[in-house]
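Q: fold the following for me, if possible:
(chains A and B)
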Amino acid sequence: MAEQEYWRWTEYRHHDESIDPRAGAIVAAGIDVGSVSSQAVVTVDDRLYAFSSMRTGSNSPDSATNALNWALEGTGLTPGDLACVVGTGYGRVNIPFADKAITEIACHARGANFMYGPSVRTLLDMGGQDCKIIHCDEQGKVRAFLMNDKCAAGTGRGMEVFADLLAVPIEQVGALSFEVEEEPDPVSSTCVVFAKSEATGLLRRGWPKSKVLAAYCAAMAHRVVTLIERLGIEKEFAITGGIAKNAGVVKRLQRELGVEPLTTTYDAQIAGALGGALFATALVRKGKGRKA
Amino acid sequence: MTERFAEWYKTRHDYARAWKERTGGKVVGYFCTYVPEEILIAAGVLPVRILGSHEPQSVTEPHIFGMFCPFCRDCLAQGLKGRYDYLDGIMIAQSCLHIRQAFTSWVQHVPVGWSYYLPFPNHVQSRAARPYLVEELRLFKEAVGAWVGRPITDADLDRGIATCNEFRSALRELYESRKAEHPPLNGVEAMLAVVSGQFVDKTEHTTALRQLLDALDGRERRDPKIRLMLVGSEDDDVEFIRMVEACGATVVTDDHCTGTRYFWNNVEPGEDRLGAIADRYLTRPPCPSKDWPTRSRVPHILDLADRWGVQGVVVLQQKFCDPHEADTPAIIAALREKGIPSLFLELDVTVPVGQFKTRTDAFLEMITADDLF
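A: Numbering: from 1, shown residues only, chains lettered A, B, ... in the order given. Reported below is the predicted structural model:
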């Protein structure tokens, strides 16, 4: 058997059988090609109809095509049925069939507004290789934002490296990090390279995996808190992106901030693509879509 | 019409060498826009501002702390690499410790015939600043005269003052033209017109500016889309400004030292020539290292933003620049109060254009958000 890849999270797709896309007026899509994962979301008149979430491949156009095709699988729709496609994420400018590119900052704010409702004022997007803090209004319009600088420390990719190092499936990292008698001090650096060598040292000293994970999750939460504090936090607070699914980081973040994030039944990782699809719909209404 | 400024910017060292050969005059490298160029020009010297080259380098490590600003390291690197080997002299007027370290290190490690440290008061708002500076300017004038072998006369000073004033007035006119609903030039062109003036012979440069001004009416006007202002430190980062403008915006004005801070006000000519020069430098739009205890930059920036119809401000600063770091929160808050959004970015020797592009795109989307809702 090939060696297990612990970082590998579940790729999946879904569509809502209760919606008939042929009955809708505007079928639109948003595609978020991120540095680590790609999502495609198809909406029917502002309702979430179908989506897919998968790992980003080596080139943006292919990743975008694969994500969209997978989201459309079994729906009877083809890309030609889409009235407008918005591309977002770091690969946004490299999606040949997108009608417009909009930044992930605007798209996440719009998507979070849909997922968490209009009360969201502060949004934290923890992505694969960066992290953004966004202030938005009741419509999901961006009011201010801040991004981390130049480095993937304390982001999704760093968590994947840790899952691999400790041989813990990534989806179990959060739960396992709480199996400690006492919360350890955070690792001193969130730099993936330094933290990895620090963790190796801790393991050699006899720390259980759970304690090492607790120390790393705490460091990641702390790094994000310093970013949030630069912009300030206004309630309500919500988190999007892959790390939103990692309770080990989210709960520690909540503890340090003293603010409870909103919860949602949607997958917070698709917020960017969903925001893109909603913008695509708005563009069609304004007569700026593909079929305009 | 603006190509000449871009060409000068690119070939600045060739220009200085050719100038030297043509005139037989001396060239002085200077480190900060507080250096009174009038006095150097009065002595027939070509002042050339030392600027970086925006390339990664490894030669300054032993000489400048890692947490000093990238600009001062980039400047010193040019000296250590011998790019300014044509200089006859090197000088600075006191502004901040970082750039002064670049100067002192240069004097120590790059052989130059003449060097001068002009102690310029940082507390320009003090009553003692003027008499202090006037006396320092007198000593400086004498030192320059002794160096070139000919005392600087009042007539020389008048010529130096007039040359600089004509140059600055032409730049003011150029900036005036950018108030138009459809400005006749973009931010990159404007910045190159200013920054090339920091190392090209002023008379020659003014002639080029006048030719451009005369030709403005015939130029194709551009739809500025979103009108931006740049606020910050030393910002001759052409690639960055080009990227910002390519995202769907036009820089219409600025407050930084490769922009308005360098040329904004003229010397008011008078009998007391050194006093007049001192007044000009003490009351110019200040560098944040000299803007205390009253923070005069804030109302000045708001005034520029208002008169040039600015919709958004990009606040740029050299990483680790403490004076700018202290000013930035106050500037951003004052702009917010006026309903002007801002984007804060830190510059390094090279800029991460991809990351900055995402932020710039998001910033411009924020200004035009209504189009998406």
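
Q: tell me which stretches of the stretch 51-200 of chain B form helices.
A: Assigned by DSSP state H, counting those that start in this stretch, the helices in the stretch 51-200 of chain B fall at B:70-80, B:97-109, B:129-148, B:154-177, B:187-196.

Q: residues making contact with the first one?
A: Spelled out, that is helix B:70-80. Residues outside helix B:70-80 that contact it (Cβ atoms under 8 Å, 6 or more residues apart in numbering or on different chains): B:29, B:31, B:50-54, B:57, B:59-60, B:63-64, B:84, B:90, B:98-99, B:101-102, B:105-106, B:109-110, B:233-234, B:318-321, B:347-349. Glycine gets a C-beta too; all of them are placed from N, C-alpha and C.

Q: just the buried ones from the residues you listed, in PyMOL syntax?
A: Buried members of the contacts of helix B:70-80, defined by 16 or more other Cβ atoms under 10 Å in any protein chain shown, are picked up in PyMOL with:
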select buried, chain B and resi 29+31+50+51+52+54+57+60+63+64+84+90+98+99+101+102+105+106+110+233+234+318+319+320+321+347+348+349
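
Q: show me where pLDDT drops low in chain A?
A: Along chain A, the model assigns pLDDT under 70 to residues A:1-3, A:149-154, A:291-292.

Q: all helices of it, in order?
A: Per DSSP state H, chain A carries helices over the ranges A:60-72, A:104-116, A:156-166, A:173-176, A:192-204, A:209-231, A:247-257, A:271-285.

Q: between these, which one is nearest to B:Q355?
A: helix A:104-116 (12.0 Å; Cβ to Cβ).

Q: which of the three states applies to B:V231?
A: strand (DSSP: H, G, I helix; E, B strand; the rest coil).

Q: is it in contact with B:C257, as I believe?
A: No - between B:V231 and B:C257 there is no contact under Cβ atoms under 8 Å: 11.3 Å.

Q: of the two, give the one with the bigger neighbour count.
A: Shown here are B:V231 and B:C257; by other Cβ atoms under 10 Å in any protein chain shown, B:V231 has more neighbours (29 against 24).

Q: mind listing what the more buried one touches?
A: B:D254, B:D255, B:H256, B:I301, B:V313, B:V314, B:V315, B:L316, B:I331, B:S342 are the contacts of B:V231 under Cβ under 8 Å, 6+ apart.

Q: looking at the residues you listed, which is nearest chain A?
A: Checking the contacts of B:V231 against chain A by Cβ to the nearest Cβ gives B:S342 as the nearest, at 8.8 Å.

Q: which bits of chain B sit near chain A?
A: B:341, B:346, B:352, B:354-355, B:358-359, B:361-362, B:365-366, B:369, B:371-373 (Cβ under 8 Å from any Cβ of the partner chain).

Q: go again with 6 Å.
A: Residues of chain B found near chain A (Cβ under 6 Å from any Cβ of the partner chain) are B:P352, B:T358, B:R359, B:D361, B:A362, B:E365, B:M366, B:A369, B:L372, B:F373.

Q: which among those residues gets closest to A:A219?
A: The nearest member of those to A:A219, counting by Cβ to Cβ, is B:P352 at 23.7 Å.

Q: quick check: closest non-adjacent residue to residue 64.
A: Let's take chain A. A:I95 (4.3 Å; Cβ to Cβ, 6 or more residues apart in numbering or on different chains).

Q: actually, chain B is the one I wanted.
A: B:R73 (5.1 Å).

Q: what do you get for B:R130?
A: Excluding its sequence neighbours, the residue lying closest to B:R130 (Cβ to Cβ, 6+ apart) is B:A278, at 5.7 Å.

Q: circling back: out of the residues of chain B next to chain A, which comes closest to chain A?
A: Distance to chain A, by Cβ to the nearest Cβ, is smallest for B:A362 among those, at 3.8 Å.
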